[in-house]
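Colleague: I would like to see how this sequence folds:
(chains A and B)
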Protein chains: 2
Amino acid sequence: MSGPRLAPIVQGLPATVPFVGPETQERARARPFVARLGANENVFGPSPLAIAAIEHAARDIWMYGDPENHDLKQALARHHRVSAEHIVVGEGIDGLLGYLVRLLIGPGDPVVTSDGAYPTFNFHVAGYGGTLHKVPYRGDQEDPAALSARAAATGAKLIYFANPDNPMGSWHPAATVENLIDAVPDGCLLVLDEAYVEFAPEGTAPPFDPANPRVIRMRTFSKAYGMAGARVGYAIGRPDLIGAFDKIRNHFGMSRLSQAAALAALGDRDHLTHTRAAIETARAEIARIAQANGLAPLPSATNFVTIDAGADGTFARRLVAELIARDIFVRMPFVPPHDRCIRVSCGRPDDLAAFADALPHALAAARG
Amino acid sequence: MSGPRLAPIVQGLPATVPFVGPETQERARARPFVARLGANENVFGPSPLAIAAIEHAARDIWMYGDPENHDLKQALARHHRVSAEHIVVGEGIDGLLGYLVRLLIGPGDPVVTSDGAYPTFNFHVAGYGGTLHKVPYRGDQEDPAALSARAAATGAKLIYFANPDNPMGSWHPAATVENLIDAVPDGCLLVLDEAYVEFAPEGTAPPFDPANPRVIRMRTFSKAYGMAGARVGYAIGRPDLIGAFDKIRNHFGMSRLSQAAALAALGDRDHLTHTRAAIETARAEIARIAQANGLAPLPSATNFVTIDAGADGTFARRLVAELIARDIFVRMPFVPPHDRCIRVSCGRPDDLAAFADALPHALAAARG
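Modeller: Modelled structure (predicted):
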């Protein structure tokens, strides 16, 4: 009696997953983390208006959410001064990246990204059988010129570029991004992941040019809006491309609560201002803690600070393990030379105090 | 300047969607519905414990949900007396059907379903390039023998079968379902959609046999648990098949609120008992209203009643339009001969009173 026959692409996929969640680690340790600073969540949380919207919508949870995400798309359109036909809402940027890869990439299709960039994008490309071409970072920044050159050389259908960048926290100014968009080869699409852009300096995000067929831009409520658990992302692009998402997406996939929360959060600009200030303070504090321990914090335009631990990947992995052993959840870049670093998300004063307490001991243990 | 190049499968997909939401209709009408009885939502709503869990979890929405859905899977495993490795949790049955089709079906792969069965399954099969083979219902029931025979004849990799059935509300006893499972050809998989099974008579669901490679069973919190807007479904099957979902699923795709709500809802058996009784009362009332208007309600094991409107599809479509014009949201089966019917979801007494008020006028208008 033979079982179901998996599709050939699926047979070739590894069983590994892009990230192991902190809950999984807590279960393995049989002990909770004291500070949750590893997933670039926004510990300062959502607008109180978003929480109130969730509480209000809870009684209506018997109804499916609006499959068109109409009200949220209208609000986003007003916010970004585009029209709603340029916007698709989905289950986080992760979900939207999956849909986008599915729209474009079939077996063997070339795709370009940076070596060490977002692994969930790579997961989706592998999942649809695409062929990944990786260009190195230039120092601690993604290298736009190398990305477009490799796309031209390989005939790539898709380029992934995050600005600001995760896991390094670096960024390029808008002019550089616009140059990259202009350099995207004909028939190729740039996915510009701007998950962290609300934390970046003025002048990081180029103005929207939603008629441009060379780029689709992705934003999220998971970071600046403090709603990672709600799974709300959106993409802005040409209507023909945006409309294609309707051919494949899980139409009723958006939680009704999440739609309501995102709509409320978008309207609370004061909370966003407050969050930005809290993040800036936390970034400075993480940098101070790093320096006090003889480590070098990298400049950051995100809600995390990547810290050069001063040695190689083996050492940084030991340091992460020692921090985790001391109940501090952090992560680190995957590939050399960035794996000389650890990555610490912005936390509340208590979270960072716990990090500051643990770091010298973790360093000593990692060195010992 | 050429735009992005869509994958060949996507190029061939229609821009149509499986369902138009009631909100879309309300916007088009510029008037809300008085009774929302078209989407088989459970108007009796979730357990108060689920609402409390949502309110409690709202403050933690800054955190990603557990990507392993650990606590919910453990609770489901206990509930169904299987182990957690047999369970995958996903973004509603719709989301899980999409993942399942992706796992199995590539271009040209044969798939069998019933003509008139769940269109979202067909949407996913088309979306991955599969070839659908449809067998007719036998009267107002899906025809298990025809499904397995067609699967054998076509070498199908997947069979879709819903028990109870939507849109007809009919059902087969467990013994018939077990016979179908036994008749699934080698190398084929039966997806048994049991979205409505909690409303069915005792003896409708066969016992779980999670070692059986011929079947994967899907359940949802959208119907009996009254949480359609939360998007929580799960599937139970062999660990090798269940594990394959991890190769492709959106790992962080489950809302943290939805996980918490489902866990709380599962624990409130009293509420489920209360819901079942309310649904039974509503089914009887819908049947009474139909009969009072000279129409024939079909037997139902679901939270809706399909009503034979006594003529053909053209008439039933007119009747649905006339009900909608009178602010009653209902839907109807898509294909003949079932499109002689309209489908009315169970409602509260007020909802059904509005339906009872509107029906004679809608009938007169449809006949006129």
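Colleague: quick one: A:G155 from A:H133, how far?
Modeller: 10 Å (C-beta to C-beta, to the nearest Å). The way it works is simple: take the backbone N, C-alpha and C, and place the C-beta from them, glycine included.
Colleague: What parts of the stretch 251-368 of chain A come near chain B?
Modeller: Residues of the stretch 251-368 of chain A lying close to chain B by C-beta under 8 Å from any C-beta of the partner chain are A:251-258, A:261.
Colleague: repeat that with 6 Å
Modeller: Neighbours of chain B within the stretch 251-368 of chain A, by C-beta under 6 Å from any C-beta of the partner chain: A:251-253, A:255-258.
Colleague: Most neighbours among these, please name it.
Modeller: Neighbour counts for those (other C-beta atoms under 10 Å in any protein chain shown) peak at A:S258, which has 33 neighbours.
Colleague: how about the residue lying closest to that residue once chain neighbours are set aside, what does it touch?
Modeller: Of all residues not flanking A:S258 in the chain, A:A230 sits nearest, at 4.0 Å (C-beta to C-beta, 6 or more residues apart in numbering or on different chains). By C-beta atoms under 6 Å, 6 or more residues apart in numbering or on different chains, A:A230 lies in contact with A:258, A:261, B:61, B:255.
Colleague: The first one looks like it's in a helix, true?
Modeller: Yes - assigned with DSSP: H, G, I helix; E, B strand; the rest coil, A:S258 falls within a helix.
Colleague: before we move on, back to that, biggest separation within the residues of the stretch 251-368 of chain A next to chain B, which pair?
Modeller: Greatest spacing in these, by C-beta to C-beta: A:H251 and A:L257 (17.3 Å).
Colleague: any residue of the helix or strand harbouring A:T24 up close to chain B?
Modeller: Element membership for A:T24, per DSSP states H and E: helix A:22-29. Yes - Helix A:22-29 reaches chain B (C-beta under 6 Å from any C-beta) through A:23-24.
Colleague: so what does the very next helix or strand once past that helix touch, helix or strand wise?
Modeller: Using DSSP H and E, the next helix or strand after helix A:22-29 towards the C-terminus is strand A:35-36. Contacts defined by 3 or more C-beta pairs under 6 Å, 6 or more residues apart in numbering or on different chains; DSSP states H and E place strand A:35-36 against helix A:349-367.
Colleague: Identify each buried residue in the helix it packs on, please.
Modeller: For helix A:349-367, burial by neighbour count (16 or more other C-beta atoms under 10 Å in any protein chain shown) applies to A:351-352, A:354-356, A:358-359, A:362-363, A:366.
Colleague: Please list all residues in contact with whichever residue of the stretch 251-368 of chain A sits closest to chain B.
Modeller: In the stretch 251-368 of chain A, no residue comes nearer to chain B than A:R256, which is 3.1 Å away by C-beta to the nearest C-beta. By C-beta under 6 Å, 6+ apart, the contact set of A:R256 is A:57, A:65, B:229.
Colleague: Would you mind giving me the confidence score for the closest residue to the last one other than its chain neighbours?
Modeller: With C-beta to C-beta, 6+ apart as the criterion, B:G229 has its nearest non-adjacent residue at 3.1 Å, and that residue is A:R256. Confidence per residue is given as pLDDT, and for A:R256 that number is 97.
Colleague: Same check on A:V17?
Modeller: Value for A:V17, per-residue pLDDT: 80.
Colleague: Could you do A:M1 as well?
Modeller: With respect to pLDDT, A:M1 has a value of 57.
Colleague: Check the one 4 residues further on too.
Modeller: The pLDDT attached to A:R5 in the predicted structure is 93.
Colleague: Surely it touches B:L189?
Modeller: No - in this structure A:R5 lies outside contact range of B:L189 using C-beta atoms under 6 Å: 8.3 Å.
Colleague: more neighbours, those two?
Modeller: B:L189 (25 against 19).
Colleague: Look at the closest residue to that one other than its chain neighbours and tell me its secondary structure.
Modeller: Distances taken as C-beta to C-beta, 6+ apart place A:P4 nearest to B:L189, at 3.8 Å, with adjacent residues excluded. Recorded secondary structure, A:P4: coil (three-state DSSP).
Colleague: Next, work out how far apart A:P4 and B:R256 are.
Modeller: 31 Å.
Colleague: Same check on A:A156?
Modeller: Distance from A:A156 to B:R256, by C-beta to C-beta: 35 Å.
Colleague: Rebuild the contacts of A:A230 as a markdown table, extending it with secondary structure and distance to A:P173.
Modeller: Supplementary listing: the contacts of A:A230 in a markdown table, determined by DSSP: H, G, I helix; E, B strand; the rest coil; distance: C-beta to C-beta, whole Å:
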| residue | secondary structure | distance to A:P173 |
| --- | --- | --- |
| A:S258 | helix | 33 |
| A:A261 | helix | 32 |
| B:I61 | coil | 32 |
| B:S255 | coil | 35 |
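Colleague: Which two of those have the greatest separation?
Modeller: Going by C-beta to C-beta, the pair spanning these furthest: A:A261 and B:S255, at 9.7 Å.
Colleague: First-to-last residue distance for stretch A:53-65?
Modeller: Taking C-alpha to C-alpha, to the nearest Å, the first and last residues of stretch A:53-65 lie 14 Å apart.
Colleague: That one - what's its average pLDDT?
Modeller: 97.
Colleague: got the contact list for it?
Modeller: Counting by C-beta under 6 Å, 6+ apart, residues outside stretch A:53-65 touching it are A:252, A:254, A:256-257, A:259-261, A:264, B:39, B:41-43, B:45-46, B:51, B:54-55, B:58, B:226-230.
Colleague: in the top helix by length along chain A, what's buried?
Modeller: Of all segments of type helix in chain A, defined using DSSP state H, the longest is helix A:269-292. Neighbour counts over helix A:269-292 (16+ other C-beta under 10 Å) mark A:271-272, A:275-276, A:278-279, A:282-283, A:285-287, A:289-290 as buried.
Colleague: what about A:A261, how many neighbours?
Modeller: A:A261 sits with 33 neighbouring residues when counted by other C-beta under 10 Å.
Colleague: For the nearest residue to it once chain neighbours are set aside, grab phi and psi.
Modeller: Computed as C-beta to C-beta, 6+ apart, the closest residue to A:A261 that is not its neighbour in sequence is A:A50, at 4.3 Å. Dihedral angles phi and psi of A:A50 (degrees, to the nearest 10) take the values phi -70, psi -40.
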